[in-house]
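Participant: any chance you can model this:
(one chain, ligands or ions: 1)
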Amino acid sequence: MRQQLLDLHEVQKIDVEIREIENQGASVSEKLAKLESSANVIRTEVKTLTEQRETTSREIKTLEGTVQAEAHKLRKWEARLNEIRNQREYLALSREVEGSKRANREAEEKILEFMAQRDQIEKKLDELQDKLAEEEVDCATERAGVERVVGENRERLAGMKKRREVLLPKIPRALLKKYDAIREKRLGVGLVTVVDGCCQGCNMKLPPQLYNILQRGDSIEQCPSCQRIIFWDHFLADQASGAKGQVGASP
Ligand SMILES: [Zn+2]
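Facilitator: This next block holds a predicted model:
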(Lines give C-alpha, C1' and ligand atoms only; values in the text may rest on other atoms or scores of the structure.)
Protein backbone atom coordinates (compact mmCIF):
# COMPACT_ATOMS: atom_id res chain seq x y z
CA MET A 1 0.00 0.00 0.00
CA ARG A 2 2.87 2.31 0.86
CA GLN A 3 4.44 1.88 -2.59
CA GLN A 4 1.09 2.42 -4.26
CA LEU A 5 0.73 5.71 -2.42
CA LEU A 6 4.23 6.72 -3.47
CA ASP A 7 3.42 5.88 -7.08
CA LEU A 8 0.20 7.85 -6.81
CA HIS A 9 2.23 10.73 -5.38
CA GLU A 10 4.35 10.65 -8.54
CA VAL A 11 1.20 10.71 -10.62
CA GLN A 12 0.00 13.67 -8.57
CA LYS A 13 3.23 15.57 -9.24
CA ILE A 14 2.82 14.93 -12.97
CA ASP A 15 -0.83 15.94 -12.88
CA VAL A 16 0.00 19.24 -11.17
CA GLU A 17 2.61 19.96 -13.84
CA ILE A 18 0.18 19.05 -16.62
CA ARG A 19 -2.40 21.36 -15.10
CA GLU A 20 0.11 24.21 -14.87
CA ILE A 21 1.20 23.75 -18.46
CA GLU A 22 -2.38 23.70 -19.66
CA ASN A 23 -3.22 26.83 -17.66
CA GLN A 24 -0.16 28.58 -19.03
CA GLY A 25 -1.20 27.64 -22.58
CA ALA A 26 -4.70 28.94 -21.93
CA SER A 27 -3.44 32.23 -20.51
CA VAL A 28 -1.07 33.00 -23.41
CA SER A 29 -3.82 32.17 -25.90
CA GLU A 30 -6.16 34.45 -24.00
CA LYS A 31 -3.65 37.30 -24.14
CA LEU A 32 -3.27 36.83 -27.90
CA ALA A 33 -7.04 36.76 -28.36
CA LYS A 34 -7.32 40.06 -26.48
CA LEU A 35 -4.65 41.71 -28.64
CA GLU A 36 -6.28 40.42 -31.80
CA SER A 37 -9.71 41.63 -30.81
CA SER A 38 -8.30 45.08 -29.99
CA ALA A 39 -6.65 45.22 -33.44
CA ASN A 40 -9.96 44.17 -34.98
CA VAL A 41 -11.77 47.03 -33.27
CA ILE A 42 -9.30 49.47 -34.86
CA ARG A 43 -9.62 47.75 -38.24
CA THR A 44 -13.40 48.23 -38.12
CA GLU A 45 -12.95 51.91 -37.19
CA VAL A 46 -10.51 52.39 -40.08
CA LYS A 47 -13.02 50.83 -42.45
CA THR A 48 -15.87 53.05 -41.22
CA LEU A 49 -13.74 56.21 -41.47
CA THR A 50 -12.49 55.27 -44.94
CA GLU A 51 -16.09 54.94 -46.08
CA GLN A 52 -16.95 58.28 -44.50
CA ARG A 53 -14.02 59.91 -46.27
CA GLU A 54 -15.21 58.52 -49.60
CA THR A 55 -18.77 59.71 -49.02
CA THR A 56 -17.48 63.19 -48.14
CA SER A 57 -15.25 63.28 -51.23
CA ARG A 58 -18.22 62.31 -53.40
CA GLU A 59 -20.32 65.10 -51.86
CA ILE A 60 -17.54 67.60 -52.55
CA LYS A 61 -17.24 66.45 -56.15
CA THR A 62 -20.98 66.73 -56.73
CA LEU A 63 -21.09 70.23 -55.24
CA GLU A 64 -18.06 71.31 -57.28
CA GLY A 65 -19.78 70.07 -60.42
CA THR A 66 -22.91 72.07 -59.56
CA VAL A 67 -20.88 75.21 -58.84
CA GLN A 68 -19.05 74.86 -62.14
CA ALA A 69 -22.20 74.37 -64.17
CA GLU A 70 -23.85 77.28 -62.40
CA ALA A 71 -20.82 79.54 -63.02
CA HIS A 72 -20.93 78.67 -66.69
CA LYS A 73 -24.62 79.58 -66.81
CA LEU A 74 -23.90 82.83 -64.92
CA ARG A 75 -21.31 83.95 -67.42
CA LYS A 76 -23.80 83.47 -70.24
CA TRP A 77 -26.55 85.32 -68.36
CA GLU A 78 -24.28 88.20 -67.47
CA ALA A 79 -23.27 88.55 -71.11
CA ARG A 80 -26.93 88.60 -72.07
CA LEU A 81 -27.74 91.22 -69.40
CA ASN A 82 -25.55 93.71 -71.25
CA GLU A 83 -27.60 93.22 -74.39
CA ILE A 84 -31.10 93.40 -72.87
CA ARG A 85 -32.85 96.68 -73.47
CA ASN A 86 -36.23 95.72 -72.08
CA GLN A 87 -36.47 96.81 -68.43
CA ARG A 88 -38.72 93.95 -67.27
CA GLU A 89 -36.65 91.30 -68.95
CA TYR A 90 -33.53 92.86 -67.46
CA LEU A 91 -34.92 92.76 -63.93
CA ALA A 92 -36.13 89.20 -64.28
CA LEU A 93 -32.74 87.98 -65.47
CA SER A 94 -30.96 90.05 -62.80
CA ARG A 95 -32.99 88.29 -60.15
CA GLU A 96 -32.07 84.94 -61.66
CA VAL A 97 -28.40 85.95 -61.66
CA GLU A 98 -28.53 86.99 -58.02
CA GLY A 99 -30.31 83.80 -57.02
CA SER A 100 -27.77 81.70 -58.85
CA LYS A 101 -24.86 83.59 -57.29
CA ARG A 102 -26.34 83.08 -53.84
CA ALA A 103 -26.80 79.36 -54.46
CA ASN A 104 -23.20 79.10 -55.56
CA ARG A 105 -21.91 80.94 -52.52
CA GLU A 106 -23.85 78.54 -50.33
CA ALA A 107 -22.53 75.56 -52.24
CA GLU A 108 -18.99 76.85 -51.88
CA GLU A 109 -19.44 77.25 -48.15
CA LYS A 110 -20.75 73.72 -47.99
CA ILE A 111 -17.71 72.50 -49.94
CA LEU A 112 -15.41 74.15 -47.40
CA GLU A 113 -17.33 72.55 -44.58
CA PHE A 114 -17.00 69.11 -46.19
CA MET A 115 -13.31 69.67 -46.80
CA ALA A 116 -12.74 70.52 -43.14
CA GLN A 117 -14.65 67.36 -42.22
CA ARG A 118 -12.53 65.33 -44.59
CA ASP A 119 -9.32 66.77 -43.12
CA GLN A 120 -10.42 65.69 -39.67
CA ILE A 121 -11.31 62.22 -40.90
CA GLU A 122 -7.91 61.90 -42.55
CA LYS A 123 -6.12 63.02 -39.42
CA LYS A 124 -7.99 60.43 -37.37
CA LEU A 125 -7.32 57.78 -40.02
CA ASP A 126 -3.59 58.50 -39.91
CA GLU A 127 -3.57 58.09 -36.14
CA LEU A 128 -5.56 54.88 -36.28
CA GLN A 129 -3.41 53.39 -39.00
CA ASP A 130 -0.27 54.08 -36.97
CA LYS A 131 -1.89 52.49 -33.94
CA LEU A 132 -3.04 49.51 -36.00
CA ALA A 133 0.46 48.99 -37.39
CA GLU A 134 1.81 48.94 -33.82
CA GLU A 135 -0.83 46.51 -32.65
CA GLU A 136 -0.23 44.24 -35.62
CA VAL A 137 3.43 44.04 -34.66
CA ASP A 138 2.41 43.19 -31.08
CA CYS A 139 0.02 40.51 -32.35
CA ALA A 140 2.68 38.96 -34.58
CA THR A 141 5.17 38.88 -31.70
CA GLU A 142 2.60 37.38 -29.35
CA ARG A 143 1.45 34.87 -31.95
CA ALA A 144 5.03 33.68 -32.47
CA GLY A 145 5.37 33.37 -28.68
CA VAL A 146 2.16 31.39 -28.40
CA GLU A 147 3.25 29.03 -31.17
CA ARG A 148 6.58 28.48 -29.45
CA VAL A 149 4.94 27.86 -26.05
CA VAL A 150 2.34 25.55 -27.56
CA GLY A 151 5.07 23.59 -29.35
CA GLU A 152 7.18 23.26 -26.21
CA ASN A 153 4.16 22.37 -24.12
CA ARG A 154 3.09 19.70 -26.56
CA GLU A 155 6.46 18.00 -26.15
CA ARG A 156 6.51 18.36 -22.37
CA LEU A 157 2.95 17.08 -22.10
CA ALA A 158 3.73 14.08 -24.28
CA GLY A 159 6.69 13.22 -22.04
CA MET A 160 4.63 13.58 -18.89
CA LYS A 161 1.74 11.57 -20.20
CA LYS A 162 4.14 8.79 -21.09
CA ARG A 163 5.54 8.79 -17.55
CA ARG A 164 2.00 8.74 -16.23
CA GLU A 165 1.11 5.76 -18.42
CA VAL A 166 4.00 3.81 -16.88
CA LEU A 167 2.83 4.55 -13.33
CA LEU A 168 -0.91 4.00 -13.74
CA PRO A 169 -0.91 0.17 -13.97
CA LYS A 170 0.83 0.02 -10.56
CA ILE A 171 -2.04 1.78 -8.82
CA PRO A 172 -5.28 -0.05 -7.95
CA ARG A 173 -8.22 1.13 -10.02
CA ALA A 174 -10.37 1.98 -7.02
CA LEU A 175 -7.64 4.19 -5.55
CA LEU A 176 -7.13 5.92 -8.87
CA LYS A 177 -10.84 6.50 -9.22
CA LYS A 178 -11.03 8.04 -5.77
CA TYR A 179 -7.99 10.19 -6.51
CA ASP A 180 -9.50 11.46 -9.78
CA ALA A 181 -12.83 12.25 -8.12
CA ILE A 182 -11.13 14.24 -5.34
CA ARG A 183 -8.75 16.19 -7.53
CA GLU A 184 -11.65 17.18 -9.74
CA LYS A 185 -13.20 18.93 -6.75
CA ARG A 186 -9.99 20.08 -5.04
CA LEU A 187 -8.10 22.29 -7.52
CA GLY A 188 -6.38 19.36 -9.20
CA VAL A 189 -4.88 17.98 -5.99
CA GLY A 190 -6.23 14.61 -4.85
CA LEU A 191 -3.32 13.39 -2.74
CA VAL A 192 -1.20 15.28 -0.22
CA THR A 193 1.46 14.54 2.33
CA VAL A 194 1.02 14.94 6.06
CA VAL A 195 3.92 16.76 7.72
CA ASP A 196 4.15 16.80 11.52
CA GLY A 197 0.57 15.65 11.72
CA CYS A 198 -0.70 18.44 9.47
CA CYS A 199 -2.53 17.90 6.17
CA GLN A 200 -0.58 19.81 3.50
CA GLY A 201 -3.74 20.29 1.49
CA CYS A 202 -5.75 22.24 4.05
CA ASN A 203 -3.32 22.65 6.97
CA MET A 204 -5.58 20.89 9.43
CA LYS A 205 -4.03 18.95 12.31
CA LEU A 206 -5.08 15.30 12.04
CA PRO A 207 -6.59 13.50 15.07
CA PRO A 208 -3.69 11.60 16.77
CA GLN A 209 -5.33 8.25 16.18
CA LEU A 210 -5.59 8.86 12.42
CA TYR A 211 -1.99 10.08 12.39
CA ASN A 212 -0.92 6.81 13.99
CA ILE A 213 -2.81 4.76 11.42
CA LEU A 214 -1.26 6.87 8.67
CA GLN A 215 2.27 6.12 9.85
CA ARG A 216 1.68 2.42 9.38
CA GLY A 217 1.07 3.02 5.68
CA ASP A 218 -1.10 -0.03 5.14
CA SER A 219 -4.45 1.63 4.44
CA ILE A 220 -5.87 4.41 2.32
CA GLU A 221 -6.83 7.37 4.51
CA GLN A 222 -8.43 10.70 3.74
CA CYS A 223 -8.13 14.05 5.48
CA PRO A 224 -11.32 14.53 7.57
CA SER A 225 -11.36 18.19 6.57
CA CYS A 226 -10.49 18.43 2.85
CA GLN A 227 -11.16 14.76 1.98
CA ARG A 228 -7.88 14.44 0.09
CA ILE A 229 -6.04 11.15 0.21
CA ILE A 230 -3.19 11.55 2.70
CA PHE A 231 0.11 9.84 3.37
CA TRP A 232 2.96 10.34 5.78
CA ASP A 233 5.80 12.46 4.34
CA HIS A 234 8.41 10.16 5.93
CA PHE A 235 7.60 7.57 3.26
CA LEU A 236 8.96 9.99 0.68
CA ALA A 237 12.19 10.46 2.63
CA ASP A 238 12.52 6.68 3.03
CA GLN A 239 12.03 6.24 -0.69
CA ALA A 240 14.62 8.90 -1.51
CA SER A 241 17.26 7.38 0.73
CA GLY A 242 16.35 3.82 -0.22
CA ALA A 243 15.36 2.95 -3.74
CA LYS A 244 16.99 5.51 -6.02
CA GLY A 245 16.32 5.79 -9.73
CA GLN A 246 12.79 4.56 -9.44
CA VAL A 247 10.40 4.87 -12.34
CA GLY A 248 8.72 8.24 -12.20
CA ALA A 249 11.34 9.87 -10.02
CA SER A 250 11.65 13.56 -10.83
CA PRO A 251 14.66 14.65 -12.83
ZN1 LIG B 1 -6.80 18.29 4.44
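Participant: tell me the SS of residue 183?
Facilitator: Recorded secondary structure, residue 183: helix (DSSP: H, G, I helix; E, B strand; the rest coil).
Participant: count the neighbours of it for me.
Facilitator: Using other CB atoms under 10 Å, residue 183 has 20 neighbouring residues. The C-beta positions use only the backbone N, C-alpha and C, and glycine is treated the same way.
Participant: I figured it hits residue 15, correct?
Facilitator: Yes. Using CB atoms under 8 Å, residue 183 makes contact with residue 15 at a distance of 6.7 Å.
Participant: common neighbours of these two, please.
Facilitator: Taking CB atoms under 8 Å, 6 or more residues apart in numbering as the contact rule, residue 183 and residue 15 both touch residue 190.
Participant: and the closest residue to the ion within the stretch 51-200 of the chain, its phi and psi?
Facilitator: Nearest residue of the stretch 51-200 of the chain to the ion (CB to the ion) works out as residue 199 at 3.2 Å. Main-chain dihedrals, residue 199, degrees, to the nearest 10: phi -70, psi 130.
Participant: nearest residue to it in space, ignoring adjacent ones along the chain?
Facilitator: Of all residues not flanking residue 199 in the chain, residue 223 sits nearest, at 4.3 Å (CB to CB, 6 or more residues apart in numbering).
Participant: so who does the one you found touch?
Facilitator: Residues near residue 223 by CB under 8 Å, 6+ apart: 192, 194, 199, 201-202, 204, 206, 230.
Participant: so which of those residues are in strands?
Facilitator: In this view, the contacts of residue 223 that belong to strands under DSSP state E are 192, 194, 199, 230.
Participant: and the furthest pair within these?
Facilitator: Across the ones in strands among the contacts of residue 223, the longest distance by CB to CB is 7.3 Å; it joins 192 and 194.
Participant: intersection of neighbour lists for the two?
Facilitator: Common contacts of residue 192 and residue 194 (CB under 8 Å, 6+ apart): 200, 223, 230.
Participant: got TSV for those, with pLDDT too?
Facilitator: Converted to TSV, the shared contacts of residue 192 and residue 194 look like this (pLDDT from 0 to 100):
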residue	pLDDT
200	96
223	97
230	97
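Participant: which of these sits closest to residue 3?
Facilitator: For the shared contacts of residue 192 and residue 194, the closest approach to residue 3 (CB to CB) belongs to residue 230, at 16.1 Å.
Participant: what about the helices in this protein?
Facilitator: Here the chain has its helices, by DSSP state H, at 2-83, 87-167, 173-185, 208-216, 234-241.
Participant: got JSON lines for the ones you listed, with mean pLDDT too?
Facilitator: Formatted as JSON lines, the helices of the chain follow (pLDDT from 0 to 100):
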{"stretch": "helix 2-83", "mean pLDDT": "94"}
{"stretch": "helix 87-167", "mean pLDDT": "95"}
{"stretch": "helix 173-185", "mean pLDDT": "95"}
{"stretch": "helix 208-216", "mean pLDDT": "96"}
{"stretch": "helix 234-241", "mean pLDDT": "88"}
